[in-house]
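Visitor: Output the structure for:
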Amino acid sequence: MSLNNDDVLILGGGVIGLSCALFLLEQGRSVRILEKDTVGGATSLGNCGTITPSHAPPLAAPGMIGKALKYMTQADAPFYIKPSTDLSLLDWLLRFSLRCNGRDHRQSALTRAELLNSSRTLLEDIITRHGFDCGFDANGEMYVCRTREGLDALAQELPLLAECGIVAEQLDAQALAAREPALLPGMAGGIFFPNDAHFQPDAYCAALAAKVRALGGVIEEHCEVLSVAAEGDCITHVETACGRRQGAQVLVALAAWSPAMVRSLDLALPIQPGKGYSISYSLPPVVPKTPLVLTERSVCVTSWAGGYRLGSTMEFAGFDDSLNAKRLDALERGAREYLHAPVGAEIQSRWFGWRPMTYDDLPILGVSPKHRNLFLATGHGMLGMSMSAITGQLLAAQMTGNDPMIDLRPFSAARF
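Guide: Numbers count the residues shown, from 1 in each chain. Predicted coordinates for the structure are as follows:
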């Protein structure tokens, strides 16, 4: 096939679209990214920037349904489902609930771990090889438990994590206090994951975008994709607010907005928007040595030069674009239970965004089951940053006719 200047159209300029563009360009392809706003400005912007193989166990876990029912009475709970009559959400929740068993939990964890472990190595290679200035720090991550009950529950996951190839070190109260002086006294203990890492997510996306442009990639910002047109099993063109765009191949990397874009193609993607929140501050007087997960409150704590962030929570309320102050307050309230200096003096930003959640907690990767030149890279849930590098490498391999290093069949949209 003769390839023109718009060899590959990538719909979406978040970390997934940018990563795919990088690997495609390195394979000699020409790439055009179409982004509604600015690159890295949506889901990729306000997350905590952690790179976490430790997060291999999926959200759908034994006992999660009971927790979810209890949390429905608490508007500031870390996992909240807003009462709704949305049939797509109800169907998603039913399928999610059916996976809250030991067998499916283990299988999803093993499958996710293969992506996460590979991506962790690949991310560091990208950052080192290209000299990205994004505050990358491979100093691990600590899960902190205030209660013995919380520590025991966390420790129950250690055999599965070991099976996933994830190194963990369990610390008692004394060892934890010695390791992390930012914590208040009285913690029950923690688990340290030495192979986790973190960076400043907006700086990483900016560096990726600069590299894509330096390699000849075109990024059209403020160019909203309106529709994708097909004839038979072939995508013919894309209509945008800036006019028609054509490419030999089209890659959809629109995170939680992907299902709406492909619905007219008779392609159903069971992705629900899982709303997350974060607050960024100036650096507090005492900063944790590593990123922390405050386990009982499900709050993530990260910092980098000049910035400090509290984030997390999961809210299923559709694309509700209101900033729920109760959920932001819960982040600060949770941090105050664990940290000497839970917040910085100055609030830099309050943020929310939608994570693309599949009910089996696996991303959707690879060629469309209905269109030979349409490819999908979406559904990464809370792990878009962590899985971004391997997603780019796998999609670039498949799109250039090579064999991906990881079998993409478990991630195919045909599984639904």
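Visitor: Which neighbouring elements make contact with the lengthiest helix in the chain?
Guide: As far as residue count goes, and with DSSP state H defining each element, the longest helix of the chain is helix 102-130. Under the contact definition 3 or more CB pairs under 8 Å, 6 or more residues apart in numbering; DSSP states H and E, helix 102-130 sits against strand 50-51, helix 158-163, strand 197-198, helix 201-214, helix 384-399. All C-beta atoms are positioned from the backbone trio N, CA, C, and that covers glycine.
Visitor: between the ones you listed, which gets nearest to residue 26?
Guide: Comparing those by their distance to residue 26 (CB to CB), the top pick is helix 384-399, with 7.5 Å.
Visitor: The closest one vs helix 201-214, what angle?
Guide: Going by axes from the mean of the first three to the mean of the last three CA atoms, to 10 degrees, helix 384-399 is angled at 20 degrees with respect to helix 201-214.
Visitor: Figure out how far helix 384-399 is from the centre of its chain.
Guide: Average the C-alpha atoms of helix 384-399, do the same for its chain, and the two points are 13 Å apart (CA atoms, centre = their mean, to the nearest Å).
Visitor: got it, and stretch 318-330?
Guide: Worked out by CA atoms, centre = their mean, stretch 318-330 lies 19 Å from the chain centre.
Visitor: can you list contacts of it?
Guide: Contact partners of stretch 318-330, identified using CB atoms under 8 Å, 6 or more residues apart in numbering, comprise 75-78, 80, 82, 84, 86, 89, 256, 273, 275, 277, 279, 297, 313, 315, 350, 352, 354.
Visitor: Now a PyMOL select for only the buried ones of those residues.
Guide: Typed into PyMOL, the line below selects the buried ones among the contacts of stretch 318-330, using 16 or more other CB atoms under 10 Å:
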select buried, resi 76+77+78+80+89+256+273+275+277+279+297+313+315+352+354
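Visitor: Out of the contacts of stretch 318-330, list just those in helices.
Guide: Residues from those lying in helices, with DSSP H as the criterion: residue 89.
Visitor: Give me the residues contacting the helix or strand following the longest helix of the chain.
Guide: Following helix 102-130 in sequence order, the next helix or strand is strand 141-145 (DSSP states H and E). Contacts to strand 141-145, defined as CB under 8 Å, 6+ apart, come from residues 50, 52, 54, 151, 154, 176, 179-180, 183, 187-193, 196-198, 288, 290-296, 338.
Visitor: if we can go back for a sec, and the longest helix of the chain with helix 201-214, angle?
Guide: 60 degrees.
Visitor: Specify the beta-bridge partners of the closest residue to residue 273 other than its chain neighbours.
Guide: Nearest residue to residue 273 in three dimensions, chain neighbours excluded: residue 354, at 3.6 Å (CB to CB, 6 or more residues apart in numbering). When bridges are called by DSSP bridges, residue 354 pairs up with residue 275.
Visitor: what ranges do the helices span in the stretch 301-416 of the chain?
Guide: If you assign secondary structure with DSSP state H, counting those that start in this stretch, the helices in the stretch 301-416 of the chain sit at 325-336, 384-399.
Visitor: Let's have the ones you listed in TSV, adding mean neighbour count and distance to residue 248.
Guide: What follows is these, written out as TSV (neighbours: other CB atoms under 10 Å; distance: least, CB to CB, whole Å):
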stretch	mean neighbour count	distance to residue 248
helix 325-336	18	44
helix 384-399	25	10
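Visitor: which non-adjacent residue is nearest residue 18?
Guide: Excluding the flanking residues, the one nearest residue 18 by CB to CB, 6+ apart is residue 208, at 4.1 Å.
Visitor: Please give the number of neighbouring residues around that neighbour.
Guide: Residue neighbour count, defined by other CB atoms under 10 Å, stands at 29 for residue 208.
Visitor: cool, residue 403 as well?
Guide: Neighbour count for residue 403, taken as other CB under 10 Å: 9.
Visitor: now residue 51
Guide: Once other CB under 10 Å is used to define contacts, residue 51 is seen to have 28 neighbours.
Visitor: try the one 3 residues further on
Guide: Neighbour count for residue 54, taken as other CB under 10 Å: 27.
Visitor: so it touches residue 196, yeah?
Guide: Yes. Distance between residue 54 and residue 196: 5.3 Å, which falls inside the contact criterion (CB atoms under 8 Å).
Visitor: least trustworthy helix or strand in this protein by mean pLDDT?
Guide: helix 64-71 (a mean of 78; mean pLDDT, DSSP states H and E).
Visitor: Report the distance from it to the chain centre.
Guide: Helix 64-71 sits 23 Å away from the centroid of its parent chain (CA atoms, centre = their mean).
Visitor: Now do the buried residues in it.
Guide: Buried positions in helix 64-71, judged by neighbour count with 16+ other CB under 10 Å: 64, 68, 71.
Visitor: Does anything pack onto that helix? Which helices or strands?
Guide: Under the contact definition 3+ CB pairs under 8 Å, 6+ apart, helix 64-71 sits against strand 79-81.
Visitor: And stretch 408-416, end to end?
Guide: Counting by CA to CA, to the nearest Å, the length from the leading to the trailing residue of stretch 408-416 is 14 Å.
Visitor: what about it, average pLDDT?
Guide: Mean pLDDT, stretch 408-416: 96.
Visitor: And it, what's buried?
Guide: Under the neighbour-count criterion of 16+ other CB under 10 Å, stretch 408-416 has 408, 410, 411, 412, 413 buried.
Visitor: ok, the first one - contacts?
Guide: Taking CB under 8 Å, 6+ apart as the definition of contact, the neighbours of residue 408 are 365, 366, 394, 398.
Visitor: cutoff 6 Å now
Guide: Residue 408 is in contact with 365, 366, counting by CB atoms under 6 Å, 6 or more residues apart in numbering.
Visitor: Check the fourth one too.
Guide: Neighbouring residues of residue 412 by CB under 6 Å, 6+ apart: residue 366.
Visitor: Could you check how far it is from residue 269?
Guide: Separation of residue 412 from residue 269 (CB to CB, to the nearest Å): 11 Å.
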